[in-house]
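> have a look; sequence and predicted model below, questions after that.
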Amino acid sequence: MHCPRLPGSLVLLFAIGLTTNNTSASLLGDENLPVVLTPARLKQNRTEVPASVSVIDRDMIIASGLREIPELFRLIPGTSVGARDGYNYVVSYHGSNYRDSRRMQVLIDGRSVYQAGLATVDWTDIPISIEDIQRIEVVRGPATASYGANAFLGVINIITRHPADSEKLIMSARRGTEDSEDYRISHAGEYADGFYKITVNSRKDNGFDSNKDGGERIDSKSVKLINSRYEKQLSESINGSFGFGYKKGWTNDDPSDIDTIIPRSDNVDYYFSGKLDWDFSPFHTQSLRVDFSSQDQETKLLVAIPPAGFNLNDNPNPLVFADADEDIAINRKDIDFQDSYIWSEKFQTIAGFHLKQSRVSSETYYDGTIDNHSYQLFFNGELKITEKITLNGGGSYEYEENNGKNFSPRITLHYHISPDHSFRAIYSEAIRTPDLLETSAKWQYTGRNIRPSTNNNTTAKFYFTAEGNPDLKPERIKSKEIGYYGNFRHYNLQWDVKLFDDKLDRLISKSIALFSFDPTNENELSQRGIETEVDFRPNHKWLFHFSYAYIDAQSDVYQELSFTPTSAGSTLLSYSFTPSLQLSISQYYARPIGTDLNKFSRSDIRLAKRFRLGHSRIEVAYTAQYRHDNDTELLANNIYDNKLRQWLSLSVQF
C-alpha cells in the first residue's frame, strides 16, 4: 500500500515555499536561523543540512517529565521506542528488528556508545542522567557518509550541558511507581581558568510487574554513576574539553529454560574522553578527539540439566547442577580528526579520519579474547551553485578487519526559496557491519562445580555450541528522500516534512540465541512513507511540538516488521501560567508495534511549581503516565498491573 496523498502534499509544500520572503545569506550563515552540528559534522543552518534532522532541546526535555532517556525519542517522527524489559530499551529509526539497538549510532558529546562486541546500544549503561542533557540532535536517515559503519538508519547525538551554563549546586530526588527512587547531586564551578561540572546520580526501580502467565516479572535494576566534564580555553585559538564517567549497577532477569536461580548481571562501565579544537580563523577549524570506553558485565547462572547436556553419560543422576556464567568485557579506543574550511562564499568542506580498535573478552561467547580494527576516511563538500541551489556531496571509505572495505556516498540538492525555507532531495547509502558475535562467536557454556558428580568430573563443556559466520557481509541500505523545512520566524514556528523510499538488503534478521544461532545475509526490507514535525512557540509561555509518521514496510521476514508501526505520532504541549508554575501534557501513539502487533497509546502530564526559600530555589513536580490500551509493551511478558504510573520529584538549587 502506498502512502496516501503524496502528490497533494508536494503541491502544498511548494505553495508554502512560494509565499516566503526571499533574502540572501551571509558567508558564515544567518545566526538567527536554527543551527545544528550533527548531519555533516558542520555548523549549518537547518535549511542547508544534507539530511533530515530533529532537535530535542532542554525545554522539551523538562516539559516531557520523562525519567528515561530513550523515551525522549518518542518525540521524533519515525522513531520506534520500546522497553525490551524493565532495565533496557530498544530505539530505532523506522523500527525494523526489535531485538537490539543494532542499526543506530549513538553519540554523547561526539563519543560513540555503540558496543562493538555485541553491536548494540545498552541505554542502561550510558553514564549520564536525563538532567545532564542540553539538547539532542537526531539525524533521521543513513549517515555512514559522515559517521562510518553502523550509522545505518541514523544518528543520535546527545549534547550535555556546558559547565559554564549549569547550576552551581543542585540536589534532586524522585520517587514513585515500581518502587522507583532517583537521587542526583550536581556541582559546577570554575577551576584554573576553566569550567567544571561533576554529577553523581543513582536510579533504581522494579521494572514491569507481571508476565503473560500472571507470574511476577523479574527485571529490576539499580544504577549508580558519576561523570565530570572540564572545559578550558588553552590559548586564544585552542579550546580543550575533557570528560570522565563511571557507572556501576546491577539488573535482575527472569530465569531462562536452563536456569534455576534469578540471573543477576553486575555491570561496571567507564570512559575517558579528550578533545582539542583549533580555531585558526573564522573560516578554518580543526578538532582532534580521543576516547576510551570499557564495559564489564558479570552474569552468574546456576544450571540444572540432564548429565548428557555436559556429555557426562556416566553420571546416573537425572539432573546435575552446575555454575556457569555469561561474563563479557568490551572496550574500544577511538581517535577522530576533522578539518573544516570555508574556501569561499560558495564552497566549504569538511574532511577527516576515524580510527577504532575494539576488543572483547568472554570465555562463554568467544572462548577467549579477540580484537578488531577499523579505519575510516570521510569527506563532505557544500557548493552553492546559484543563489538558490546548493549541492552537498560526500562519502565515507572504511576498512574493517572482519568485513573488508566499503564506500558509502551521500548527495543532496537544496532549493532555497529563502534563507528560511528550502526543499531538499537526498540519496544516500549506508552499511552496518556485522558485530563480532555474528562473525566470530564460539558460544559454549562451561559448567563448574558440577554436582552430584562421578569420577571427580566437576568441570565440563555444555553440549550445545554456536559459531559465528565469518562470511557475513555488511547490511546495506539505499535511501531516497525529498523534503521541506520551513522556519516561520514571525510565528516562531518550524515545520519539516519528509517523503522517503528506502531499500534494505543483506539483513541479518535471526534472533541471537544459543539453540537457533544461524546469522545469514538472507533478508530484505523496503520502507516508504511520509513523516512530519511541527514546533510552535508563539511566546515564552507556550511550547507545542507535534510529530507523525506513516510507514509502509514490506518484507518476507516477520522480525523486520515487528518494530515498525504503520502509524505513529506524538504531541507535547506546555504552558507556563507564571514563571514559577508550568503544566505540560503529552500524548504518544504507535500501532502496530511489538511481537504481538500491539497498540501503544499513552498520555503524560507534568505539573511543576517553583518557589524561593532564602537563597535557594525549590521545584516540586508531579508526573503521571496513563496507558489507554490494555496491550503489553513490545514483548508479551512486559505488563504493568496498573495503567497509571506516577512520580513526585523535589529539586533544590543553590
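Thanks, I have the structure now. Residues are numbered from 1 along each chain as shown.
> what residues of stretch 205-217 count as buried?
Within stretch 205-217, the residues scored as buried using 16 or more other C-beta atoms under 10 Å are 205, 206, 207, 208, 209, 211, 217. (Glycine included, C-beta is placed from N, CA and C.)
> mind checking pLDDT for the closest residue in space to the first one that isn't next to it in sequence?
Across the structure, with C-beta to C-beta, 6 or more residues apart in numbering as the measure, the residue nearest residue 205 apart from its sequence neighbours is residue 180 (3.8 Å). On pLDDT, residue 180 comes in at 96.
> may I see the buried residues of the longest strand along the chain?
Ranked by residue count and defined by DSSP state E, the top strand of the chain is strand 284-305. In terms of neighbour count (16+ other C-beta under 10 Å), strand 284-305 has its buried residues at 285-287, 289-291, 293, 295-297, 299, 301-303, 305.
> quick revisit: surely the residue nearest to residue 205 meets residue 202?
No. Using C-beta atoms under 8 Å, residue 180 makes no contact with residue 202, being 11.2 Å away.
> where does the prediction get shaky in the protein?
For the chain, the stretches with pLDDT under 70 are 1-33, 119, 257-260.
> just the helices in it please.
6-18, 58-64, 144-147, 363-366, 436-440 (DSSP state H).
> report the backbone C-alpha coordinates of the second one in CSV.
Think helix 58-64. The C-alpha trace of helix 58-64 is given here as CSV (Å, rounded to 0.1, in the frame of the first residue of the first chain):
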residue,chain,number,x,y,z
ARG,A,58,16.2,21.4,27.1
ASP,A,59,12.8,23.0,27.3
MET,A,60,11.2,19.9,25.7
ILE,A,61,13.2,17.6,28.0
ILE,A,62,11.9,19.4,31.1
ALA,A,63,8.3,19.7,29.8
SER,A,64,8.1,16.0,28.9
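> adjust the sequence numbering to begin at 117 for everything that follows.
Let's use 117 as the start, then, which means that last one is helix 174-180.
> spatially central, which residue of this structure would that be?
Geometric centre of the chain, nearest residue: residue 222, 4.6 Å, by C-alpha atoms, centre = their mean.
> show me the contacts for that residue.
Counting by C-beta atoms under 8 Å, 6 or more residues apart in numbering, residue 222 touches 228, 229, 230, 237, 242, 271, 272, 274.
> try it again at 7 Å.
Residue 222 is in contact with 229, 230, 237, 272, counting by C-beta atoms under 7 Å, 6 or more residues apart in numbering.
> burial count for the last one?
Pointing back at residue 272 there. 28 (other C-beta atoms under 10 Å).
> surely it and residue 224 touch.
No. Residue 272 lies out of contact with residue 224 (C-beta atoms under 7 Å); the separation is 9.3 Å.
> how close does residue 246 sit to residue 370?
27 Å (C-beta to C-beta, to the nearest Å).
> neighbour-wise, which of those two wins?
Remark: of residue 246 and residue 370, residue 246 carries more neighbours, 20 against 15, as counted by other C-beta under 10 Å.
> which residue packs closest to that one, ignoring adjacent ones?
That would be residue 185: by C-beta to C-beta, 6+ apart, it lies 5.2 Å from residue 246.
> for that neighbour, give its distance to residue 606.
As judged by C-beta to C-beta, residue 185 and residue 606 stand 34 Å apart.
> show me which of these two is the more surrounded one.
Of the pair residue 185 and residue 606, residue 185 is the one with more neighbours under other C-beta under 10 Å, namely 22 against 7.
> not counting sequence-adjacent ones, nearest residue to the residue of the chain positioned farthest from its centre?
In the chain, the residue that sits farthest from the middle, by C-alpha atoms, centre = their mean, is residue 571; the gap is 51.5 Å. Counting by C-beta to C-beta, 6+ apart, residue 571 lies nearest to residue 430, which is 6.9 Å off, once chain neighbours are set aside.
> burial count for the one you found?
Applying other C-beta under 10 Å, I find that residue 430 has 9 neighbouring residues.
> how close does it get to residue 574?
Distance of residue 430 to residue 574, given as C-beta to C-beta: 14 Å.
> now residue 589: how far from residue 522?
9 Å.
> would you state the strands of the stretch 117-266 of the chain in chain order?
Applying DSSP state E, counting those that start in this stretch to the stretch 117-266 of the chain gives strands spanning 151-152, 160-161, 169-173, 195-201, 204-209, 220-224, 227-228, 249-256.
> could you give the angle of the last one to strand 169-173?
In terms of direction (axes from the mean of the first three to the mean of the last three C-alpha atoms, to 10 degrees), strand 249-256 departs from strand 169-173 by 160 degrees.
> how far out from the middle of the chain is strand 249-256?
Centroid separation for strand 249-256 versus its chain: 10 Å, with C-alpha atoms, centre = their mean, to the nearest Å.
> beta partners for the residue nearest to residue 457 when sequence neighbours are not counted?
Of all residues not flanking residue 457 in the chain, residue 400 sits nearest, at 5.1 Å (C-beta to C-beta, 6+ apart). Applying DSSP bridges to residue 400 gives these bridge partners: residue 397, residue 457.
> my guess is residue 400 contacts residue 459, does it?
No. Counting by C-beta under 7 Å, residue 459 is not a contact partner of residue 400; they are 9.5 Å apart.
> circling back: next, the angle strand 220-224 makes with the longest strand of the chain.
Angle of strand 400-421 versus strand 220-224, following the same axes, to 10 degrees, is 120 degrees.
> so which elements touch strand 400-421?
strand 380-397, strand 436-441, strand 444-458 (3 or more C-beta pairs under 7 Å, 6 or more residues apart in numbering; DSSP states H and E).
> for residue 158, find the nearest of those strands.
Smallest distance to residue 158 across the helices and strands packed on strand 400-421 (C-beta to C-beta): 6.2 Å, for strand 444-458.
> mind giving me the packing neighbours of that closest one?
strand 400-421, strand 463-478.
> how about the ones you listed in TSV, adding distance to residue 208?
As requested, the helices and strands packed on strand 444-458 are arranged in TSV below (distance: least, C-beta to C-beta, whole Å):
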stretch	distance to residue 208
strand 400-421	20
strand 463-478	21
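> looking at those strands, spot the one closest to residue 713.
Of all the helices and strands packed on strand 444-458, strand 400-421 comes closest under C-beta to C-beta, at 31.2 Å.
> what is the orientation angle of the closest one with strand 436-441?
Interaxial angle, strand 400-421 versus strand 436-441 (the same axes, to 10 degrees): 170 degrees.
> quick one, strand 400-421 and strand 380-397 angle?
Using the same axes, to 10 degrees, strand 400-421 lies at 170 degrees relative to strand 380-397.
> now strand 400-421, how far from the chain's geometric center?
16 Å.
> is it true that residue 186 touches residue 207?
Yes. Using C-beta under 7 Å, residue 186 is in contact with residue 207, at 5.0 Å.
> quick one: common contacting residues for those two?
residue 197.
> mind checking how far stretch 232-248 is from the chain centre?
Mean C-alpha position of stretch 232-248 versus that of the full chain (C-alpha atoms, centre = their mean) differs by 8 Å.
> next, the distance between the ends of that stretch.
Start-to-end span of stretch 232-248 (C-alpha to C-alpha, to the nearest Å) is 25 Å.
> can you report how many residues neighbour residue 591?
Per other C-beta under 10 Å, the neighbour tally for residue 591 reads 26.
> so what's it closest to, chain neighbours aside?
Closest to residue 591 by C-beta to C-beta, 6+ apart is residue 548, at 4.2 Å.
> around the one you found, count how many other residues there are.
Using other C-beta under 10 Å as the criterion, residue 548 is surrounded by 26 other residues.
> that one touches residue 267, doesn't it?
No. Between residue 548 and residue 267 there is no contact under C-beta under 7 Å: 8.7 Å.
> quick revisit: looking at the contacts of residue 222, which is nearest residue 152?
Looking across the contacts of residue 222 and measuring by C-beta to C-beta, the closest to residue 152 is residue 272, at 12.9 Å.
> in the sheet, who's paired with that closest one?
Here residue 272, judged by DSSP bridges, has bridge partners residue 222, residue 254.
> how close does it get to residue 219?
Distance, residue 272 to residue 219, by C-beta to C-beta: 12 Å.
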